[in-house]
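Student: Need a 3D model of the following:
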Amino acid sequence: NRMEKLQARKKVYLWLLILLSLCALIPLAVLSKYNHQSGDDYGYAYRTFQIWRETHSFWNVIKEAFATSAEFYQKWQGLYASAVLLALEPGIFGDKYYALTGILLLAIIVGANCAGTVYIFHRKCGCPRLEGFAAGCVMSFLMIEWMPSALQGLYWYNGAMNYVFFHAVLLLLLCVLLSLAGEHSRRKAGRTVLAVLLAVLLAGGNHVTAFMGILLIVGFGIFAAVKKRRQNLICCVITLAAMVAGFLFNVTSPGTRIRQSYFSDRPGVAGTIVTAVKTGIACINSWMGLAVIVTAVLLLPVLLPLVKKIRGQYGFSFRYPLLVFVLSVAWLCAMFCPPIYAMGTPGDVRLTNVVYFSFVWLFVLNEAYLCGWAVTRLEASGAAALSGAAGEFPGSFLITAAVLAVGMIIGCGENMTAWQAYLLIRSGEAQEYSAEADERYAVLCDSAGEDVVLKAYTAKPWMLFLDDITEEKSDWRNEYMRVYFGLNSVVLEQTE
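Tutor: Below is the predicted model:
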C-alpha cells in the first residue's frame, strides 16, 4: 500500500544519510595515523608517562593521573576532572597510540550527538530510533566537516578533550534532566544521582561548559517551578547545588589564582556582556552558510514527524518561535562570557569549536520549532489535510535532496575537513611529518639525562601540527618536553 511504500522510501533515505555521514569520517580517521603529541600534552602527562615506563601498571597510571590533577590544582588551574583526563592521553603508552586521539574524538562527537537525538526522538517523542540516529549523524557531519579547527577539535588531545569531551557531558546532562522531567517518581532518585555525578564531572572541566551547565540546570529548575512540579524542582536544586559547589571548587583553586594573575586587562561584567554579544553574533553570521541551509532541508523528513508527535503527545503549540530564536542567540553569546571575563579575550579556537557544536544543535532546534509553528498555524487555519501531508515523503524530495547535496559539495566541499585530510595524505605531507616525529621520539626516549638538540620540522601539516619547542631551553614548551622525557635540556637546532 501507499503508506508502506512511503515508509520504505524514507528508510532508504535515512540509511543513505547515515552511511554518507559516516563515510565522510574515513579520511579523518586515516589522518589520525600520522598524529603526534605536542605542547601541553607533555606538561599534563609527564607523570603518567614516567610511571607507565617504570611499572607498566594501569592502576599506578590512574593514581598518578589524580596526582597530576592535584598538582595542577595548586600551581596552574582548578580543572580537577579535566586534568585527570589530560594526564591519560594515549601517547603515554607509546607514541604510536597517540594516533587513537582523532578516532576517539570522532567517536565522542558522533556518539554524544546520536545519544542525544535518539533519546529525544525515540524515548521522549515516540519516533523510530532510525530517525533519531539519522538526525544525530547528519548533525555530526555538519559539526565535524566545518568545525572551526579540526586540529584543536580532533587531533590535539589536550585541547580537544578539554572542550569536546565536556560538551558531550553537557549533552548527556541535558538528556538526564529531560528524563527527570518525565520519569515516574520511583525512578527519579537514580536519575538524580546520575545528574549529580554528571554535574560534578562537568564542573571540573573547562569553565565554559561548566558555566553553561549551571544555566541549563537553572533553566530546568525555573520550568519546574512555573509548572509547579515539586519533585522535579527538588531534583534540579540538588543537581544545581552539586554543580555550583564543583564550579566554585574549580575557580577558587590556588592554581586558578596564579593563572589569573597573568591577565590584568579584564573588561568587567558590562564589558564582558557587550563583547560576548558582539562575538557571538559575528560567529553566527559567519556560520550561516550553504552547508547549514542544505542540512536544514535534508532534516525536514525527520523534523516534521517529530513536531507532529510532540504536538499530539504533549499538546505543545509552538507559539513563541521568536523567543526561542532570541534565547538561542543568547545561549551562544553566553558561552563567550567566561573567557572574556577571566582573560579579556573570547578564548582560543578550541572553545569556538564547542560554540559551533551548540550552534548546530540550536539551529536544528529552531528549525524544528518553526516546523511545529507552521503545522500549528495550518491546523488553526483549517488546512488540516495540508498539515497532515507535511510529514509525508514524496519521491520528488529525494531528487531535490540529491541536487542540494551535490550543490553543497561543489560549493563548500573544498572547506570540508575530510577533503583537507585527503589532500594532506595524498600530498605526503602528513606522512613526512609523522616520519620526522618518529625520529624525534626515538632520540628523546634514548637520551635521558642528556642535552638534546632537535631539528625543526620540515613538514607542518596544518591539521596535525600545533606547535614546537624553540631555541630557548627555558621556554615552557621546551621545559615540558624536558621533564616528560627526563632530559637535562632540549632545544631546537639554531638556524642562521
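Student: now whichever strand or helix holds residue 350: mean pLDDT?
Tutor: For residue 350, the enclosing helix or strand under DSSP states H and E is helix 349-380. Averaging pLDDT along helix 349-380 gives 93.
Student: in that helix, what's buried?
Tutor: 349-376, 378-379 (16 or more other C-beta atoms under 10 Å). Just so you know, the C-beta spots here come from the backbone N, C-alpha and C atoms, and that holds for glycine as well.
Student: ok, residue 112 to residue 235 distance?
Tutor: According to C-beta to C-beta, to the nearest Å, residue 112 and residue 235 sit 22 Å apart.
Student: same deal with residue 336?
Tutor: Residue 336 is 30 Å from residue 235, by C-beta to C-beta.
Student: Likewise for residue 200?
Tutor: 15 Å.
Student: Comparing these two, which residue is more hemmed in?
Tutor: Between residue 200 and residue 235, counted using other C-beta atoms under 10 Å, the more crowded position is residue 235 (26 against 18).
Student: Quick one: end-to-end distance for stretch 312-326.
Tutor: 26 Å (C-alpha to C-alpha, to the nearest Å).
Student: in it, what's buried?
Tutor: Within stretch 312-326, the residues that count as buried by 16+ other C-beta under 10 Å are 318, 324.
Student: who's in contact with it?
Tutor: Identification of contacts with stretch 312-326 by C-beta atoms under 8 Å, 6 or more residues apart in numbering yields 125-126, 307, 310-311, 365-366, 369-370, 372-373, 375-376.
Student: give me that answer again for 6 Å
Tutor: If you take C-beta atoms under 6 Å, 6 or more residues apart in numbering as the criterion, stretch 312-326 is touched by 310, 366, 369, 370, 372, 373, 376.
Student: so who does the third one touch?
Tutor: Read that as residue 369. Contacts of residue 369 (C-beta under 6 Å, 6+ apart): 318, 321, 324.
Student: cool, the fifth one as well?
Tutor: For residue 372, the contact set (C-beta under 6 Å, 6+ apart) comprises 307, 318.
Student: and the gap between it and residue 306?
Tutor: Here residue 372 is placed at a distance of 9 Å from residue 306 (C-beta to C-beta).
Student: next one: residue 415
Tutor: 30 Å.
Student: ok, these two, which is more surrounded?
Tutor: Neighbours per residue, other C-beta under 10 Å: of residue 415 and residue 306, the larger number sits with residue 306, 24 against 12.
Student: Then the more buried one would be within a helix, right?
Tutor: Yes - secondary structure of residue 306 (DSSP: H, G, I helix; E, B strand; the rest coil): part of a helix.
Student: Determine the number of other residues adjacent to the closest residue to residue 145 other than its chain neighbours.
Tutor: With sequence-adjacent residues excluded and distances taken as C-beta to C-beta, 6 or more residues apart in numbering, residue 145 is closest to residue 416, at 4.4 Å. By other C-beta under 10 Å, 21 other residues sit near residue 416.
Student: For residue 256, give me its contacts.
Tutor: Residues in contact with residue 256 (C-beta under 6 Å, 6+ apart) are 77, 78.
Student: should've said residue 450
Tutor: Applying C-beta under 6 Å, 6+ apart, the residues contacting residue 450 are residue 488.
Student: Please repeat the previous calculation with a cut-off of 8 Å.
Tutor: Applying C-beta under 8 Å, 6+ apart to residue 450 gives the contacts 487, 488.
Student: Give me the phi and psi for it.
Tutor: Phi and psi for residue 450, reported as degrees, to the nearest 10, are phi -100, psi 170.
Student: got a pLDDT number for it?
Tutor: Residue 450 carries a pLDDT score of 95 in this model.
Student: now do residue 475
Tutor: Confidence score, pLDDT, at residue 475: 94.
Student: Could you list the low-confidence segments of the stretch 201-350 of the chain?
Tutor: Counting by pLDDT under 70, the stretch 201-350 of the chain shows no low-confidence range.
Student: who's in contact with the residue nearest to the spatial centre of the chain?
Tutor: Taking C-alpha atoms, centre = their mean, the centroid of the chain lies closest to residue 164, which sits 3.2 Å from it. Residue 164 makes contact with 105, 108, 109, 153, 353, 354, 357 under the criterion C-beta under 8 Å, 6+ apart.
Student: and which of the residues you listed is nearest residue 174?
Tutor: residue 357 (12.7 Å; C-beta to C-beta).
Student: So that closest one sits against residue 165, correct?
Tutor: No - using C-beta atoms under 8 Å, residue 357 is not in contact with residue 165, being 11.8 Å away.
Student: Return the distance of residue 308 relative to residue 6.
Tutor: Look at residue 308 and residue 6: by C-beta to C-beta, they are 15 Å apart.
Student: So which of the two has more stuff around it?
Tutor: Neighbour count, other C-beta under 10 Å: between residue 308 and residue 6, residue 308 has more, with 20 against 15.
Student: which residues in the stretch 201-350 of the chain form helices?
Tutor: Taking DSSP state H, counting those that start in this stretch as the test, the helices found in the stretch 201-350 of the chain are 207-226, 230-251, 254-260, 268-287, 290-298, 300-314, 321-334, 337-343, 349-380.
Student: Nearest approach to residue 179 belongs to which of these?
Tutor: Of all these, the one in closest proximity to residue 179, counting by C-beta to C-beta, is helix 230-251 (10.2 Å).
Student: Tabulate the helices of the stretch 201-350 of the chain (TSV), appending distance to residue 474.
Tutor: Output for these, formatted as TSV (distance: least, C-beta to C-beta, whole Å):
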stretch	distance to residue 474
helix 207-226	29
helix 230-251	30
helix 254-260	18
helix 268-287	34
helix 290-298	45
helix 300-314	56
helix 321-334	39
helix 337-343	24
helix 349-380	26
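Student: and residue 49, which of the ones you listed is closest to it?
Tutor: The closest of the helices of the stretch 201-350 of the chain to residue 49 is helix 254-260. By C-beta to C-beta, the value is 21.0 Å.
Student: next one: that closest one to chain centre, how far?
Tutor: Remark: helix 254-260 is offset 26 Å from the chain centroid, using C-alpha atoms, centre = their mean, to the nearest Å.
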